[in-house]
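Asker: Sequence and predicted structure below; questions after.
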Amino acid sequence: MLHTRIIDSKDNKLSILEAESFISSSKFGASIFFTGTVRNQNNNQSVVGITYDSHDELVKKSFKEIYNEADQKLNIHDKAVFIEHAKGYLNIGEISIIIAVACKHRDNAYVLSRYIIEEIKKRSPIWKKEHYNNNESKWLKGNPILYEKS
């Protein structure tokens, strides 16, 4: 069971309640909620906000691939996964990503949650531009997108 979405920050905010509702089931004994938030410091600079940009269709495709790979690589078949990422300008403290997972057992939930965020950081075409106190902005260096050969 998978839910993925890119949320335009001008129109909406990411919601833990929606994530909780999606993964809630009596067949799962463990739920993990990961949120990434905009922090006020990076590389010794005072950050006032971040603009996220993405290639939405490729991002959603990467989320689905990561979800499906969990079956083979992690041997976690029975799961619920909710992934939403923000797009647009976010202030300090606002949520940029929510990953919620539910599995039968806690060890699987922890492993799956960590796997998903690490793979998203490596593979999903999401870019961020930091905005600083001095009115300067800078796009941050990302990771090259990795494609596995079929």
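Answerer: Done, it's in. Numbering: from 1, shown residues only.

Asker: Now for the chain: which helix has the highest residue count?
Answerer: helix 106-123 (DSSP state H).

Asker: Show me what it is packed against.
Answerer: For helix 106-123, the packing partners by 3 or more CB pairs under 8 Å, 6 or more residues apart in numbering; DSSP states H and E come out as strand 30-37, helix 56-69, strand 79-91, strand 95-103. C-beta coordinates here come from the backbone N, C-alpha and C atoms, glycine included.

Asker: Quick one: residues contacting the residue nearest to residue 97 when sequence neighbours are not counted.
Answerer: Leaving aside its sequence neighbours, residue 97 sits nearest to residue 36 (CB to CB, 6 or more residues apart in numbering; 4.2 Å). By CB atoms under 8 Å, 6 or more residues apart in numbering, the residues touching residue 36 are 95, 96, 97, 117.

Asker: Same check on residue 101?
Answerer: Here residue 101 is in contact with 23, 31, 32, 79, 80, 81, 82, 109, 112, 113, 116 (criterion: CB under 8 Å, 6+ apart).

Asker: My guess is the third one contacts residue 113. True?
Answerer: Yes. With contacts defined as CB atoms under 8 Å, residue 32 counts as touching residue 113 at a distance of 4.3 Å.

Asker: shaky segments in the protein?
Answerer: Scanning the chain for pLDDT under 70 picks out the ranges 142-150.

Asker: Pick the one among the contacts of residue 36 closest to residue 27.
Answerer: residue 117 (23.8 Å; CB to CB).

Asker: from memory the closest one sits against residue 99, does it?
Answerer: Yes. Look at residue 117 against residue 99 with CB under 8 Å: they come within range, at 5.8 Å.

Asker: rewinding a little: which two from the contacts of residue 101 end up farthest apart in space?
Answerer: Greatest spatial distance in the contacts of residue 101: 31 and 116, 13.8 Å, computed using CB to CB.

Asker: Looking only at neighbour counts, state which of these two leads.
Answerer: Regarding residue 31 and residue 116, a neighbour count based on other CB atoms under 10 Å identifies residue 116 as having more, with 24 against 18.

Asker: May I have the beta-bridge partners of the nearest residue to that one once chain neighbours are set aside?
Answerer: Once flanking residues are discounted, residue 116 sits nearest to residue 99: 5.3 Å by CB to CB, 6+ apart. When bridges are called by DSSP bridges, residue 99 pairs up with residue 34, residue 83.
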